[in-house]
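Undergrad: Let's see this in three dimensions:
(chains A and B)
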Amino acid sequence: MASQYVKPMTSRQRVLAALRREPVDRTPVCNPTSVATVELMDLVDATFPMANRDAELMARLAATGYTELGFDTVMPVFSIIQESSALGCKMQWEQKDNWPTVRMREPIWTDVDDIKVPKDFMKHPDIVCVLDAIKILRRELGDEVAIVGKTMGPWTLGYHCFGVEPFLLLSLDDPGKTMLALERMKEITYLFGLAQIEAGADALTLPDHATGDLVSAEYYKRFLKDMHAEFAERFPAPLILHICGRTVDRMGYIADTGMAAFHFDSKNKPQESMDTVKGKISLIGNINNPETLFSKGPEEVRREVEANLDAGVNMVGPECAIPLQTPIENLLEISRTVREWHHAHDHAHGHPHGH
Amino acid sequence: MMQQMGSGVEPMRVNRPHVRALGRRIELISMDPHFHDITIGLYETSAPDGAISYLLHSYSGRSGVDQRLRSLAASMATIGGLVIEPGEGARLRFRCGKGHRLACRRLFVEAGKVKPGVEAQVRPLQIADRTTGRTITIVHDDANTYRVTADGLDDGRAQRIGAIGRGLARLAELELIGEDATRVRTTCGHAHDELVGLLLMRALNLRAAMREQEEAMSRGMLVAPSAQKS
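TA: Numbering: from 1, shown residues only, chains lettered A, B, ... in the order given. Sure, this is the predicted structure:
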């Protein structure tokens, strides 16, 4: 991105511009997954698990990403289980200090023909909660900040509804059936995502866990690349694809999907990732969660943020949903470092607000 | 804008306390079993003169939080030999004025287990070792040097007290002296009998202590579905 003067932007303008790979006044601090912590839950009296199930609590906790941490986005969908709950998956809602999960060892589907979207799917409380939370955030935060929704991709839904091992085995044994399953499940992704955009979301994160440890780049290309391109075309809002793990081997494919951004893991270095996508997609990365944000201090956070900024990564934030016990001072350091880095660099280049 | 979200719901930003710079958070009780599952953080700060102090803080706005924090601080002071600093808030420091971060983290977690209303007790420098049936006693070699001893037959004794010495060193950031690992000393040059007594109990079964720590650390980590265990 060329260095040029850009007028000061609101958080929302900044994020939307970065998603379009247009000039920004500074690099946006972005949270495509979750920055909820147990301390923030206490601060606004909105604790898990109910903050995943009650729209008012969900909105209140999500807003802290902007009001307390200085991020340019808010993300009300903290977890990855809302639609799976609505599909009828067995749930473990856990407590304040742990994530709700799907009991994937008790799958609800065993065959492609089992895939059915319940008639009342969009009226399920765990779906309505998200939509209402987005409406509340839009009403309360106006156009100040970018509201990002989240809709799970069909590969993740496959894990949740068929179980991880059965779904992976199906992909090995019967690729045709797997494609059919993905085709049917993608409608769930679309339904939920579109409803969030209609509720006021500016962009959507689309996590699809074709992770580097279990799914090869070739698998990504064969099963998901075209489908992700289709999502990018069908959704009337920018999409942020999220895949955990080492993914640099498939970033070239991902860059060709037409998605607005890819949210990448710290297992991929910022510069090699930027070199791989060649400016065809925005990157959001990639501060390490377990080792840095959770276990280390602001100095180490600063170094990782600077590595992203030095590499020209378009938006900066944690690599994935942060651990719920993450210290607040480490999260504050992300936005502080971005602002200070720009102050130093932009003044050095004679652009007080430019990037 | 920002005045009222909905019926009976507080607005998002008006009249709310905000996050504050409290120092470096070094430990967390994510759900206090003794007070409404609130989250309590232990923060380390250093004064201009270099003295290290530890602050207990909760962002919860529940009535009674301050009292709970003071009670927890009192327990820490008793079982860890710390001094409560005057003034507002629950802030403590070691009598030596130095930082003992790892030991303080363990002390905080142990103090969090003390039920309100139950008086915290200083642990003696002696404990019964169920594994071997011996009595383990810690004796002072000098002000800040401790030696692990055990009664009973020689068979296996050296190995056991060496293991306990290594456990103490690891749990409390003490320095090991000598190859037999039966002697440890504090890095600050001062005695910390209360801490050593408290951690002796955990040093008897270091593996269990480390397992408990790992389990606490892994809670709240979101893993990809492919890496999920259940």
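
Undergrad: burial of residue 95, as a residue count?
TA: Going with chain A. 16 (other Cβ atoms under 10 Å in any protein chain shown). Bear in mind the C-beta positions are built from the backbone N, C-alpha and C, glycine included.

Undergrad: I was after chain B.
TA: 13.

Undergrad: Spell out the secondary structure type for the spatially closest residue to it that is not a sequence neighbour.
TA: Counting by Cβ to Cβ, 6 or more residues apart in numbering or on different chains, the nearest residue to B:Arg95 once its immediate chain neighbours are dropped is B:Val83, at 5.8 Å. Following DSSP: H, G, I helix; E, B strand; the rest coil, B:Val83 is assigned to strand.

Undergrad: So what pairs up with B:Val83 in the strands?
TA: For B:Val83, the beta-bridge partners under DSSP bridges are B:Arg93.

Undergrad: Next, the contact list for it, please.
TA: B:Ala77, B:Leu92, B:Arg93, B:Phe94, B:Arg95 (Cβ atoms under 8 Å, 6 or more residues apart in numbering or on different chains).

Undergrad: which of these tops the neighbour count?
TA: Using other Cβ under 10 Å as the neighbour criterion, B:Phe94 leads the contacts of B:Val83 with 25 neighbours.

Undergrad: can I assume it is in contact with B:Glu85?
TA: No: judged on Cβ atoms under 8 Å, B:Phe94 makes no contact with B:Glu85 at a distance of 11.3 Å.

Undergrad: mind checking pLDDT for A:Leu214?
TA: With respect to pLDDT, A:Leu214 has a value of 86.

Undergrad: Can you pull out the low-pLDDT segments for chain A?
TA: A:1-3, A:351-355 (pLDDT under 70).

Undergrad: show me where chain B has strands.
TA: Shown for chain B, the strands assigned by DSSP state E span residues B:24-29, B:40-46, B:52-57, B:82-84, B:90-94, B:126-129, B:134-142, B:145-150, B:175-177, B:183-185.

Undergrad: With mean pLDDT as new columns, can these be given to me in JSON lines?
TA: As requested, those are exported to JSON lines (pLDDT from 0 to 100):
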{"stretch": "strand B:24-29", "mean pLDDT": "96"}
{"stretch": "strand B:40-46", "mean pLDDT": "96"}
{"stretch": "strand B:52-57", "mean pLDDT": "97"}
{"stretch": "strand B:82-84", "mean pLDDT": "96"}
{"stretch": "strand B:90-94", "mean pLDDT": "95"}
{"stretch": "strand B:126-129", "mean pLDDT": "96"}
{"stretch": "strand B:134-142", "mean pLDDT": "94"}
{"stretch": "strand B:145-150", "mean pLDDT": "95"}
{"stretch": "strand B:175-177", "mean pLDDT": "93"}
{"stretch": "strand B:183-185", "mean pLDDT": "94"}
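
Undergrad: Can I get those in a markdown table including distance to A:Val44?
TA: A markdown table is the format used below for the strands of chain B (distance: least, Cβ to Cβ, whole Å):
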| stretch | distance to A:Val44 |
| --- | --- |
| strand B:24-29 | 18 |
| strand B:40-46 | 16 |
| strand B:52-57 | 16 |
| strand B:82-84 | 30 |
| strand B:90-94 | 22 |
| strand B:126-129 | 44 |
| strand B:134-142 | 46 |
| strand B:145-150 | 46 |
| strand B:175-177 | 44 |
| strand B:183-185 | 45 |
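
Undergrad: closest to A:Thr156 out of these?
TA: Closest of the strands of chain B to A:Thr156 is strand B:24-29, at 29.5 Å (criterion: Cβ to Cβ).

Undergrad: That closest one pairs with which strands, and in what direction?
TA: strand B:40-46 (antiparallel).

Undergrad: ok, and the closest non-adjacent residue to residue 202?
TA: Picking chain A for this. Closest to A:Asp202 by Cβ to Cβ, 6+ apart is A:Ala146, at 4.7 Å.

Undergrad: wait, chain B
TA: B:Ala209 (4.4 Å).

Undergrad: Then A:Glu329?
TA: Closest residue to A:Glu329 apart from its sequence neighbours, by Cβ to Cβ, 6+ apart: A:Pro298 at 5.7 Å.

Undergrad: cool, A:Arg103 as well?
TA: Closest residue to A:Arg103 in three dimensions, ignoring its sequence neighbours and counting by Cβ to Cβ, 6+ apart: A:Lys90, at 4.0 Å.

Undergrad: From A:Phe294, how far out is whichever residue of chain B sits closest to chain A?
TA: Of chain B, the residue with the smallest distance to chain A, taken as Cβ to the nearest Cβ, is B:Gly220 at 3.4 Å. B:Gly220 is 9 Å from A:Phe294, where distance means Cβ to Cβ, to the nearest Å.

Undergrad: hey, what's in contact with both of those two?
TA: Common neighbours of B:Gly220 and A:Phe294, using Cβ under 8 Å, 6+ apart, are A:Pro323, A:Gln325.

Undergrad: ok, the two, which is more surrounded?
TA: Each of B:Gly220 and A:Phe294 has its neighbours counted (other Cβ under 10 Å); B:Gly220 has more, 25 against 19.

Undergrad: quick one, phi/psi of the nearest residue to that one once chain neighbours are set aside?
TA: Computed as Cβ to Cβ, 6+ apart, the closest residue to B:Gly220 that is not its neighbour in sequence is A:Leu324, at 3.4 Å. Note on A:Leu324: its backbone torsions stand at phi -70, psi -20 [degrees, to the nearest 10].

Undergrad: what sits against A:Leu324?
TA: Applying Cβ under 8 Å, 6+ apart, we find A:Leu324 in contact with A:Ala36, A:Thr37, A:Val38, A:Phe48, A:Lys96, A:Asp97, A:Asn98, A:Trp99, B:Ser30, B:Arg219, B:Gly220.

Undergrad: The first one belongs to a helix?
TA: Just to be clear, that refers to A:Ala36. No: counting by three-state DSSP, A:Ala36 is not part of a helix but coil.

Undergrad: can you tell me how far it sits from chain B?
TA: Between A:Ala36 and chain B the computed distance is 10 Å (Cβ to the nearest Cβ, to the nearest Å).

Undergrad: give me every residue that touches that residue.
TA: A:Phe48, A:Ala51, A:Leu61, A:Ala62, A:Thr64, A:Phe78, A:Ala321, A:Ile322, A:Leu324.

Undergrad: what's the answer for the fifth one, then?
TA: Contact partners of A:Lys96, counting by Cβ under 8 Å, 6+ apart, are A:Val38, A:Met41, A:Thr47, A:Phe48, A:Pro49, A:Leu324, B:Ser30, B:Met31, B:Asp37, B:Thr39.

Undergrad: is it true that the first one touches A:Asp97?
TA: Yes: contact between A:Val38 and A:Asp97 holds when scored by Cβ under 8 Å: they sit 5.4 Å apart.

Undergrad: intersection of neighbour lists for these two?
TA: Common contact partners of A:Val38 and A:Asp97 (Cβ under 8 Å, 6+ apart): A:Leu324, A:Gln325, B:Ser30, B:Met31, B:Thr39, B:Gly220.

Undergrad: okay, those in JSON lines with distance to A:Pro118 next?
TA: Listed next are those as JSON lines, based on distance: Cβ to Cβ, whole Å:
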{"residue": "A:Leu324", "distance to A:Pro118": "30"}
{"residue": "A:Gln325", "distance to A:Pro118": "35"}
{"residue": "B:Ser30", "distance to A:Pro118": "35"}
{"residue": "B:Met31", "distance to A:Pro118": "34"}
{"residue": "B:Thr39", "distance to A:Pro118": "36"}
{"residue": "B:Gly220", "distance to A:Pro118": "31"}
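
Undergrad: What is the burial count for A:Ala261?
TA: When neighbours are counted by other Cβ under 10 Å, A:Ala261 comes out with 28.
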